[in-house]
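Trainee: Model the structure of this input:
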Amino acid sequence: MQPLDPQQSAARHWFESLRDRICAEFEAIEREAGSDAAFDYTAWDRADPSGEPGGGGVRGVMKGRVFEKVGVNVSTVGGTFEGEFARSIHGAAENPHFFATGISLVAHLANPHAPAVHMNTRFLVTTKRWFGGGADLNPPLPYAEDTAFFHDTLGAACDAHGDDYRQRFRKWADEYFYIPHRGVHRGVGGIFYDHLEGDFDADFAFTRAVGEAFLAAYPPIVRRRMDTPFTPEEERQMLAWRGRYAEFNLVYDRGTLFGLKTGGNIDAILMSLPPRAIWE
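Mentor: Next up, the predicted model:
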């Protein structure tokens, strides 16, 4: 992989620092619940098809009392897209060389009243340079209060950076986080954006704001719900809902496809899958 330029380096360091803060906050929640669970980190390297070094990343996973399974991955990779896949990537049809750095997070909670969540932000370079990502809340048992708080917090970050960002990126999330073969959304939505380009400083500032908004929105919801009593039937509902979540990630998720097509670490790519699920 080629040496990083200042923009690539700045994005990489932000994603790594955000990972550290998120993991520290999740470990603090576990300690509040009387658990000593902590993240286990595994570094991995990627071999590019060209034979050149392809970068790599670090997979972080924690299994605790509150977080039945949470994965937080950071990666910085580069090289050459193979074959027809290049044509599906913004700006890569003209030249298959690429650089990508980002953070990806999926949390599955032990209590069905505490929502699962996904968050991902990334910076990609082909013949173009752009940011993408988003976050969405995935409660097996939705609470209107939690949904509104999550949307309002992310929405405030959008409002500070673009007049149409809140409406446009929320609508994009509703369209993206949808399971066509089931005819249902996989959760209560959030925001999704891609190909945000043209002004690196402004686009990077918005991407940082998304990370800050996630930290402001999600941990309070977990603390609010993690000790709520639940029944065996509510747990069954959670496991059935997780089956739908797994279907989306294996069939439709762009990040899963990107990781598989670029020779990423399989354990990191599939860390989004729930530890338990049922299909009825």
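
Trainee: which strands and helices sit next to the least confident helix or strand in the chain by mean pLDDT?
Mentor: Here the helix or strand of the chain ranked lowest by mean pLDDT, DSSP states H and E is helix 254-261, holding a mean of 79. Counting contacts by 3 or more Cβ pairs under 8 Å, 6 or more residues apart in numbering; DSSP states H and E, helix 254-261 packs against helix 266-269. C-beta: built from backbone N, CA, C; applies to glycine.

Trainee: one step back: from the rest of the structure, what touches the least confident helix or strand of the chain?
Mentor: For helix 254-261, contacts defined as Cβ atoms under 8 Å, 6 or more residues apart in numbering pick out 81-82, 85, 100, 104, 120, 249-250, 264-265, 268-270, 272.

Trainee: So which bits of that helix are buried?
Mentor: By neighbour count on 16 or more other Cβ atoms under 10 Å, the buried set for helix 254-261 is 255, 256, 258, 259, 261.

Trainee: quick one: the last one and residue 126, what's the gap?
Mentor: Residue 261 sits 14 Å away from residue 126 when distances are taken as Cβ to Cβ, to the nearest Å.

Trainee: and if you look at residue 209?
Mentor: Residue 209 sits 24 Å away from residue 126, going by Cβ to Cβ.

Trainee: Over to residue 46?
Mentor: 17 Å.

Trainee: next one: residue 48
Mentor: On the measure of Cβ to Cβ, residue 48 and residue 126 end up 15 Å apart.

Trainee: show me where the stretch 151-280 of the chain has helices.
Mentor: Ranges of helices in the stretch 151-280 of the chain, per DSSP state H, counting those that start in this stretch, are 165-176, 200-225, 232-251, 254-261, 266-269.

Trainee: nearest to residue 9, of those helices?
Mentor: Of all the helices of the stretch 151-280 of the chain, helix 200-225 sits nearest to residue 9, with 11.9 Å by Cβ to Cβ.

Trainee: among the helices of the stretch 151-280 of the chain, which is nearest residue 189?
Mentor: Here helix 165-176 is closest among the helices of the stretch 151-280 of the chain (Cβ to Cβ), at 4.9 Å.

Trainee: could you redo the buried residues of helix 254-261 as a markdown table and give each row distance to residue 177?
Mentor: Compiled in a markdown table, the buried residues of helix 254-261 are given as follows (distance: Cβ to Cβ, whole Å):
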| residue | distance to residue 177 |
| --- | --- |
| 255 | 12 |
| 256 | 13 |
| 258 | 17 |
| 259 | 18 |
| 261 | 21 |
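
Trainee: So which bits of stretch 188-202 are buried?
Mentor: By neighbour count with 16+ other Cβ under 10 Å, stretch 188-202 contains the buried residues 188, 189, 190, 191, 192, 193, 194, 196, 200.

Trainee: Chain neighbours aside, what residue packs nearest to the third one?
Mentor: Spelled out, that is residue 190. Leaving aside its sequence neighbours, residue 190 sits nearest to residue 136 (Cβ to Cβ, 6 or more residues apart in numbering; 3.5 Å).

Trainee: residue contacts, that neighbour?
Mentor: Counting by Cβ under 8 Å, 6+ apart, residue 136 touches 117, 118, 173, 177, 186, 187, 188, 189, 190, 191, 192.

Trainee: The stretch 51-200 of the chain: strands as residue ranges?
Mentor: 53-62, 67-80, 97-109, 116-125, 129-138, 178-179, 184-185, 189-196 (DSSP state E, counting those that start in this stretch).

Trainee: Adding mean pLDDT and distance to residue 163, write these out as JSON lines.
Mentor: As requested, the strands of the stretch 51-200 of the chain are exported to JSON lines (pLDDT from 0 to 100; distance: least, Cβ to Cβ, whole Å):
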{"stretch": "strand 53-62", "mean pLDDT": "91", "distance to residue 163": "35"}
{"stretch": "strand 67-80", "mean pLDDT": "94", "distance to residue 163": "31"}
{"stretch": "strand 97-109", "mean pLDDT": "95", "distance to residue 163": "26"}
{"stretch": "strand 116-125", "mean pLDDT": "97", "distance to residue 163": "21"}
{"stretch": "strand 129-138", "mean pLDDT": "97", "distance to residue 163": "18"}
{"stretch": "strand 178-179", "mean pLDDT": "95", "distance to residue 163": "26"}
{"stretch": "strand 184-185", "mean pLDDT": "94", "distance to residue 163": "26"}
{"stretch": "strand 189-196", "mean pLDDT": "97", "distance to residue 163": "14"}
